[in-house]
Each structure stands twice: as structure tokens, then as C-alpha cells.
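Engineer: how does the following fold in three dimensions:
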Amino acid sequence: MEGTSAAANSSSLPPPSRRLSQIRRRKKRTREDMFSEIMESSRSDRAHVNEWKETVSKYRKEVSEHEERRDQREERRDARDERWRQEDQRMKDATLGLLRRLVEVQERLLENRLPLQPLFHPPPSPCSVSSSPRRVRTRGARLRTPSHSTPVDSPSKRLSFF
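Structural biologist: Purely as a prediction, here's the structure:
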């Protein structure tokens, strides 16, 4: 089979003498033809280079616009953060001023205040009274023994003053 395909291929080619005559009949390339081919190739290459340059230029422009938008966002964020810091500082200063005024008012009140007076009179000391338990008299109520020396566990052990 290999021999037949090789034979078929060789039979489809023209004989060498015919090929040689075809080559001779072909138009000969002149220097001008070669120059025009080179120029056409360079135009094609230049078109590809120009297309590439346009693509790179568009990409750079998009990157530049993206960076500008990012910078603007950062500037807005920085401005907002600065406003927050200023507002926070203003609130701290106002609170500090308020606390200072409160301390001043408290100091003035303490300077003009009379010494504290007891709201009740303490019971006489046990030395001056007899050793028997003391009875407390209340308005219209019956007398009860004070339970201040023992813990109060139930309502029946508490004093009723009203």
C-alpha cells in the first residue's frame, strides 16, 4: 500500500522538465516587487503595532480613571474621618467643660455648707442606763423591746413605729 501511495504522489507531480519550464515562465520578481512586498508587510505590521498601542493607551486611561476614582474615595473617607475626629474631640471637650463646672459648683457648695448634723439622736450609752432592756414607746402603739442587737428574721420580731 505504501508503494502505491508513493507512486500516486509521484504521478500527480509534473515531470521535472515540466516543472522547470513552469518556473521559467513565472514572472520574475524585480527589486521593486520585493520592495513593495516589504512595504506591504511593514504596513501590516505597523497596523498591528498601532492597534496594540491603542489597546495599551485605552488600558492606561482606564487604569488612570480607576486610580482617580479610588483617590477621590480615599479623600472623601479621610475628610469624613477627620470630621468624625473633630466631632469626637468637640464632644470630649464639651463633656470635660461640663465636668469642670460641676466640680466647681460642688466645691462652692461644700465651702458654704454647714457641718452635717445627725438626723437622729443616738440612744444613751449602756453605762448610763440600768441593765434592764429598754422599752420604746410609740404613738398609740404598744411597747416593744428593741431588736437592734439581734438580727431580724421574721416580721414578728421587727419594731412597728407607725
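Engineer: for Ala94, grab the count of nearby residues.
Structural biologist: Number of residues near Ala94 (other CB atoms under 10 Å) recorded here: 10. (C-beta placed from N, C-alpha, C; glycine too.)
Engineer: actually Gln89, sorry about that
Structural biologist: 10.
Engineer: and the host helix or strand of it, average pLDDT?
Structural biologist: Using DSSP states H and E, Gln89 maps to helix 31-112. Mean per-residue pLDDT for helix 31-112: 91.
Engineer: and it, what does it pack onto?
Structural biologist: Helices and strands touching helix 31-112, by 3 or more CB pairs under 8 Å, 6 or more residues apart in numbering; DSSP states H and E: there are none.
Engineer: what secondary structure does Lys28 sit in?
Structural biologist: Classification of Lys28 by DSSP: H, G, I helix; E, B strand; the rest coil places it in coil.
Engineer: distance-wise, check it relative to Pro118.
Structural biologist: As judged by CB to CB, to the nearest Å, Lys28 and Pro118 stand 135 Å apart.
Engineer: equivalent analysis for Leu102, please.
Structural biologist: 28 Å.
Engineer: tell me which of the two has more neighbours.
Structural biologist: Leu102 (10 against 6).
Engineer: contacts only, for that one.
Structural biologist: Shown in contact with Leu102 (CB atoms under 8 Å, 6 or more residues apart in numbering): no residues.
Engineer: against Leu96, how distant is it?
Structural biologist: 11 Å.
Engineer: go on, Asp33?
Structural biologist: 93 Å.
Engineer: and the closest residue to Leu13 other than its chain neighbours, how many neighbours?
Structural biologist: Using CB to CB, 6 or more residues apart in numbering and skipping residues adjacent in sequence, the residue nearest Leu13 is Arg19, 7.5 Å away. Neighbour count for Arg19, taken as other CB under 10 Å: 11.
Engineer: which residues are in contact with the helix or strand hosting Arg19?
Structural biologist: Element membership of Arg19 [criterion: DSSP H and E] is helix 16-25. Contacting residues not belonging to helix 16-25 are listed as Leu13, Pro14 [CB under 8 Å, 6+ apart].
Engineer: now that helix: mean pLDDT?
Structural biologist: 77.
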